[in-house]
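J.: Return a 3D structure for these sequence lines:
(2 chains)
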Amino acid sequence: MRLHEYQSKEIFTTYDIPIPRGKLASTPEEAKLIAEELNCAVVLKAQVLVGGRGKAGGIRLVRTPYDAEEEASKILGGRIKDLPVRRLLVEEAVNFNQEIYLGMTVERKSGQTLLIASAAGGVDIEEVARSTPEKISRIRVNPLLGLRDFQARNLASEIEISRELWRSFIILTQNLYRAYTDLDATLAEINPLVVTTEQRFIALDGKMILDDNALFRHPEFVDKRDISAEQPEELEARKFGLSYIKLEGNIGCLVNGAGLAMATMDIIQHKGGNPANFLDIGGGASAEKVAAALRIILADKNVRTVLINIFGGITRCDEVAKGIQQALQEIATDIPFVIRLVGTNEVEGRAILASANLDTAETLQEAAEKAVAMSKESLP
Amino acid sequence: MTILTHNNETRLLVQGITGHEGSFHSQQMLSYGTNIVAGVTPGKGGEWVLGGKVPVFDSVHSAVDVTGANTSVIFVPARFAGDSILEAADAGIDLIICITEGVPVREMLHVKQMIERKEITLIGPNSPGLISPPHTKIGIIPGNITFEGSVGVVSRSGTLTYEVVYALKQAGIGTSTCLGIGGDPIIGTSFTTVLSHFESDSQTDLIVMIGEIGGQDEEEAADFITSNVTKPVVGFIAGQAAPPNKRMGHAGAIIEGGVGTAESKINALSEAGVRIARYPEEIPAIIAKL
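T.: Residues are numbered from 1 along each chain as shown, chains lettered A, B, ... in the order given. Modelled structure (predicted):
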């Protein structure tokens, strides 16, 4: 679960990580009031879950409360990189001498947390990582020991933070690490972490991603998920415990298992077709779940044909067949289907669908070839 | 021969044996011929399950004391799975296979630290387990989709693995051991470890490796193959048609910051001499030509 900047900064405050003074605004009037209250130049920051916000016009510096209202009315209700802007963070503009990157994330290979810092923080950190990797410092944090003082100090020294600031850098880094572990985050990032003209650290931006599998330990976040970046079909799918991702093609796919679902998309592409979606019904799906999956696929107006590929293990082919039957009774559709059922209860499954006059296939290859041919035939 | 399974002297313990998944798959494993000696469900110690054949214990310690179990398979819900792995490790089990999906990453970071301090093999989590025909099946891989042979199969996914070994079966090709390492970012056993087992297994003549987008495990495996594997390897990478920044079901299957693309994995493996199949059913055709 990706958190907004303002949500991350609320967490930062709880963990004594300094942030600029500011508040959240949902209307231009609120933005104006906050700017009046702050009584200084302010930065308006669109709260959207996408990178490169600044370059896309989502961050504006304004001098007066009047300008704050004026600019806020332009950003609010509009879109940044196709995402609706519903809220703005209105913050004091901070004068600074130095921009630092500070981030931590789970490293797969070592099974530890990787702490990353750079003196070249700011908007172009990804370019820095590509072109001058020597400007990025890394340390690994053993999950049982946690982040030790010497590690944070060495990092401070490596990225050439002045000695007078080492102590506060160590404390800040450890506070961020605590927030990261306490909340089961898989990423916590401050970019930029600035050194102000008064020689203080302030987190100008903040980004955190929480582990979806650990949300049961943090029920306070469950309702805070921003779904505006997700397609309505994807939300509907999640309600049924389906994993669905909409793509651009015209062959709807219904598969059990993520790996097999990807392989099914791959073979469609290999045979010259285009998958309309990734859809994994998971293991042991019920007829209801399968019917919901099919409704979601058929609601996609691009879909010209549907390929169902089920390799029964925990999943029973007869349950899947019942789900298909149920969905077809509800939705009248002319869209042709290719169905391949193999594994647990395949004979029973095929028997259920025998009357439905649907095209079947023995192998995945055959199924893909048929689906691709149909998707082309049925084009207007 | 079979890799990893105590030279076929498996004495299997099932953690979560009385649950829905646990009891169904225990029955399947038993029918296949796996030697299940005990089950553990805290609070149900003293019961007998699977037609009165298998005793249930409250703790892994007591199950190991009484039955001499040396392997554990875990079916407990995600929020308890990390604890179950640690309990098995603490009780002296040295092969632990975790089927459970959705274990929190932080839990796995801690588990991995403990596992690495002992002589323990952890497979998974989010693994379908392993099968070594004709008599050993630990986990949820259907027994009837493969038969005894000389191809070792290692994979990051579940049903895709079934698809591949079934295609091999249709082509008359059997397997020595087929093992799923799991689709999560933090897992106990990597491709490289399994590849080295296959390399030294006398029954295995050829290795099939099934990877997917996300992470760099396949690239590491490619490096390992270059310097350590002499047996032929055939590979398939799922997710060639997947767009970046979208998680394809598995917690580990995501292309982020340009890392983990199918192209990078296919290139690395090709350079290591791995023959790459473009789709699962091409694998037996490639094997036939070797």
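J.: so what's the spatially most central residue of chain B closest to, chain neighbours aside?
T.: Geometric centre of chain B, nearest residue: residue B:180, 2.9 Å, by CA atoms, centre = their mean. Spatial nearest neighbour of residue B:180, excluding adjacent residues (CB to CB, 6 or more residues apart in numbering or on different chains): residue B:128 at 4.1 Å. Where you see a C-beta, it was placed from the backbone N, CA and C, and this is true even at glycine.
J.: Over to residue A:93?
T.: residue A:41 (4.1 Å).
J.: What is the neighbour count of the one you found?
T.: When neighbours are defined as other CB atoms under 10 Å in any protein chain shown, residue A:41 has 16 of them.
J.: For it, give me its contacts.
T.: A:61, A:62, A:63, A:92, A:93 (CB atoms under 8 Å, 6 or more residues apart in numbering or on different chains).
J.: Quickly list what the second one is bridged to.
T.: Counting by DSSP bridges, residue A:62 forms beta bridges with residue A:42.
J.: just checking, it touches residue A:45?
T.: No: using CB atoms under 8 Å, residue A:62 is not in contact with residue A:45; the gap is 11.5 Å.
J.: Counting neighbours, go ahead and name the busier of these two.
T.: residue A:45 (25 against 20).
J.: Check the gap between that one and residue A:88 for me.
T.: Going from residue A:45 to residue A:88 by CB to CB, to the nearest Å gives 6 Å.
J.: For the stretch 51-200 of chain B, just list every one of the helices.
T.: Applying DSSP state H, counting those that start in this stretch to the stretch 51-200 of chain B gives helices spanning B:60-67, B:78-90, B:105-116, B:159-170, B:191-200.
J.: likewise the stretch 251-380 of chain A?
T.: A:258-270, A:287-299, A:317-330, A:346-354, A:364-377.
J.: Provide the contact partners of stretch B:78-87 at residue level.
T.: Contacts for stretch B:78-87 (CB under 8 Å, 6+ apart): A:213, A:216, B:15-16, B:59-61, B:74, B:76, B:96, B:98, B:100-104, B:107-108, B:110-111, B:114-115, B:122, B:125.
J.: coming back round to it: just the buried residues from the contacts of residue A:41, in PyMOL please.
T.: Selecting only the buried entries of the contacts of residue A:41 in PyMOL, with 16 or more other CB atoms under 10 Å in any protein chain shown as the criterion:
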select buried, chain A and resi 62+92
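J.: Turn the contacts of residue A:41 into JSON lines, columns for pLDDT.
T.: Below are those laid out as JSON lines (pLDDT from 0 to 100):
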{"residue": "A:61", "pLDDT": "96"}
{"residue": "A:62", "pLDDT": "96"}
{"residue": "A:63", "pLDDT": "95"}
{"residue": "A:92", "pLDDT": "97"}
{"residue": "A:93", "pLDDT": "96"}
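J.: could I get the contacts of residue A:41 as a markdown table with distance to residue B:149?
T.: Output for those, formatted as a markdown table (distance: CB to CB, whole Å):
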| residue | distance to residue B:149 |
| --- | --- |
| A:61 | 68 |
| A:62 | 71 |
| A:63 | 76 |
| A:92 | 70 |
| A:93 | 69 |
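J.: Pick the one among the contacts of residue A:41 closest to residue A:54.
T.: Distance to residue A:54 across the contacts of residue A:41 (CB to CB) is lowest for residue A:61, with 10.5 Å.
J.: my guess is that closest one meets residue A:43, correct?
T.: Yes: if you go by CB under 8 Å, residue A:61 and residue A:43 touch, sitting 5.4 Å apart.
J.: before we move on, back to that, mark which of the contacts of stretch B:78-87 are buried, thanks.
T.: Buried among the contacts of stretch B:78-87 (16+ other CB under 10 Å): A:213, B:15-16, B:60, B:74, B:76, B:96, B:98, B:100-104, B:107-108, B:110-111, B:114-115, B:122, B:125.
J.: From one end of stretch A:145-154 to the other, what's the distance?
T.: Taking CA to CA, to the nearest Å as the measure, stretch A:145-154 stretches 17 Å from start to finish.
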